[in-house]
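Colleague: Okay, sequence plus prediction incoming.
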Amino acid sequence: MSLPSRFRRPTLLIVGCGDVGLRVLPQVRGRWRVVVLTSSPARVPALRAAGALPLQGNLDVPATLGRLGGLPDAVLHLAPPPNEGRQDPRTAALLAALARGGRVRTFVYASTTGVYGDRGGARIDETVPLRPTTDRAGRRVDAEARVRHFGHVAGARTAILRIPGIYAPDREGGDPRERVRRGTPALRAEDDVYTNHIHADDLARACVAALVRARPQRVVNVCDDTELKMGDYLDLVARLAGLPPVPRLSRAEAAAQLSPMTMSFMGESRRIGNQRLKRELRLVLRHPTVAEGIAGAG
């Protein structure tokens, strides 16, 4: 005989369980039964060892998502869009599969602060209109709209987390000391841009807080209290790590030496407020600034 539904643990589906998802898993173990969607059979043993039930499926192949609809009560969507276009067919495929089950009550989507575009260094919050300037950000705007529509149609509580640069000394590709060691140039002070950050551990905690406490159909910026231009940030990292500072270039010099992707990040400047993160999700940052996040790395 099965237990009545009120005695069963709800099921949480994590989609895109990479570094941040793996940091979420220990925090939700015991509270939810956790299912992880993965397109890689090679990852199944590691996900199972981390306490999740792996389910194979591919967001790029909607036919493989047929079993999702009846599974989750809550969803944490961490998977990125494709690398091309202005739309996100992966999020579209996921939401279509979930809609067929009609079970989802909570949906948290990890978006990007890139949807705000360039603000010339102004301080902004979640209420400003979106101004994406790249296809990469445009895909996220498309996904956000799909998530909001899903919430209204399905009667689900949706939350959109807008996330800046994620760092952590133990995060592959996310240790800013490695960039300093490589000597990748930054812009000179007169050309430099404000940049925003969040430690991967605090981001994982924000994801869990959103699952539990986010208001319905709400957007929350997930960033720390740091207010630094990119070059000053890298100078700080260098000092804390005992490394030489990176070179500084004019914007024209940087454009001749750096990739278009790198230059795109150097073309947008904004200072993003995090009051909703603190007041509504009631998150107390363990790494309130990058100085603490890097200094504590050893």
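Modeller: Everything's here; your move. Since the structure is predicted, the reported quantities are computational estimates derived from the model, not experimental observations. Residues are numbered from 1 along each chain as shown.
Colleague: For the strand or helix carrying residue 44, list every residue counted as buried.
Modeller: Using DSSP states H and E, residue 44 falls within helix 44-49. Residues of helix 44-49 classed as buried: 44, 47 (neighbour count, 16 or more other C-beta atoms under 10 Å). Where you see a C-beta, it was placed from the backbone N, CA and C, and this is true even at glycine.
Colleague: roughly how far is that helix from the heart of the chain?
Modeller: Offset of helix 44-49 from its chain centre (C-alpha atoms, centre = their mean, to the nearest Å): 22 Å.
Colleague: Residue 18 - nearest residue in space that isn't next to it in sequence?
Modeller: In this structure, residue 18 finds its nearest non-sequential neighbour in residue 78, 6.9 Å apart by C-beta to C-beta, 6 or more residues apart in numbering.
Colleague: distance of that neighbour from residue 233?
Modeller: According to C-beta to C-beta, to the nearest Å, residue 78 and residue 233 sit 25 Å apart.
Colleague: the more surrounded of these two?
Modeller: Comparing residue 78 with residue 233 by other C-beta atoms under 10 Å, the one with more neighbours is residue 233, at 24 against 21.
Colleague: Please list all residues in contact with that one.
Modeller: 176, 195, 197, 226, 290 (C-beta atoms under 8 Å, 6 or more residues apart in numbering).
Colleague: That one: helix or strand, and which one exactly?
Modeller: helix 230-241.
Colleague: And the next helix or strand past that helix?
Modeller: According to DSSP H and E, the helix or strand after helix 230-241 is strand 248-249.
Colleague: all helices for the stretch 151-298 of the chain, in order.
Modeller: Using DSSP state H, counting those that start in this stretch, the helices of the stretch 151-298 of the chain run over 176-182, 200-213, 230-241, 251-257, 260-265, 275-279, 290-295.
Colleague: one step back: beyond the helix holding residue 44, next helix or strand please.
Modeller: From helix 44-49 onward toward the C-terminus, using DSSP H and E, the following helix or strand is strand 53-56.
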